[in-house]
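Provided below for reference: sequence and predicted model.
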Amino acid sequence: MVTERGLPFRVLLVEDHAVVRAGLRLLIEAEDDLTVVGECADGESALEQASSLDPHVIMMDVSMPGMNGLEAARKLLERFPRINILILTMHENEEYFFQALRAGALGYVPKSAPDTEVLAAIRAVAQGKTYIHPSVAHLLVNQYLSSVEGGKIRDNPDGLTDREREVLRLVAMGYTNKEIADKLSISIHTVHNHRTNLMAKLNLHDRLDLLKYALKKGLVRID
């Protein structure tokens, strides 16, 4: 799987440990559809390199000297909204996981994950899709259940039409409005209307809420 022009997906590595960067480079460069276009050891350097290197994916650690990965992710997406962020970190706890998603990261994978899962995460995020490792996916479901029990989200799936359910599933999987329109053979305007309606019916406010709801209802799976 490569870009529309048949070129490999471009990856920028942001990690303060040189040995880890070297291992990731070897892993990625062994794949025909992926290439490492640059490396840096902190968030400030990532901001500088992102403009000139134009990566599809920035794979970034959380804990780094100076600007950490979460702050860097927020600033990168403010300046370069088309870049996709994948967090690769030793942290598998709730604090960092939800901060990463709120910062705009599309993927979250622990460093303990097998090589095949790291590569799968890169490929998914490069295409603008969500990838969350199973070791932290349960946090989404737990938070959703707490929200339902607390009355913040209505647990009322019967209010959705079949089409709204399908749009919800595709949004949660990371597809763009255009991709959803193409898959369902409807207009982008219609996709937008379905998305607006289902969020209003379920009292959801953003893509993170949609993903949690879809996980809870079994509309998507994170394998």
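Received the coordinates, thanks. The model shown is predicted, which means the values in this text are computed figures rather than measured ones. Numbering: from 1, shown residues only.

Low-confidence stretches in the chain?
Applying pLDDT under 70 to the chain flags the ranges 1-5, 92-95, 135-159, 216-223.

Let me see the ranges of the helices in the protein.
18-29, 43-53, 69-79, 94-103, 115-126, 134-149, 162-172, 177-184, 188-202, 207-216 (DSSP state H).

which residues are contacting the third one?
Read that as helix 69-79. Residues from elsewhere that reach helix 69-79, judged by CB atoms under 8 Å, 6 or more residues apart in numbering: 14, 42-44, 46-47, 50-51, 58, 60-64, 67, 83, 85, 87, 89, 96, 99-100, 103-105. Any C-beta I mention is one placed from the backbone N, CA and C, and that applies to glycine too.

Return the residues in contact with the most centrally placed residue in the chain.
Centroid-nearest residue in the chain: L106, 1.2 Å away (criterion: CA atoms, centre = their mean). L106 is in contact with 84-86, 124-125, 128-131, 174, counting by CB under 8 Å, 6+ apart.

Give me the neighbour count for the closest residue to D32 other than its chain neighbours.
Spatial nearest neighbour of D32, chain neighbours left out: P8 (7.0 Å); criterion: CB to CB, 6 or more residues apart in numbering. P8: 19 surrounding residues under other CB atoms under 10 Å.

cool, and the one 3 residues further on?
Residue crowding around V11 was assessed by other CB under 10 Å; the count is 26.

Touching, it and D54? I think so.
No - applying CB atoms under 8 Å as the test, V11 and D54 come out as separate, 11.5 Å apart.

anything in contact with each of the two?
In contact with both V11 and D54: V37, using CB under 8 Å, 6+ apart.

The residue nearest to the centre of the chain and L208, how far apart?
Distance, L106 to L208, by CB to CB, to the nearest Å: 11 Å.

Please apply the same query to T161.
According to CB to CB, T161 and L208 sit 23 Å apart.

Which one of those two is surrounded by more residues?
Higher neighbour count among T161 and L208: L208, with 17 against 12, using other CB under 10 Å.
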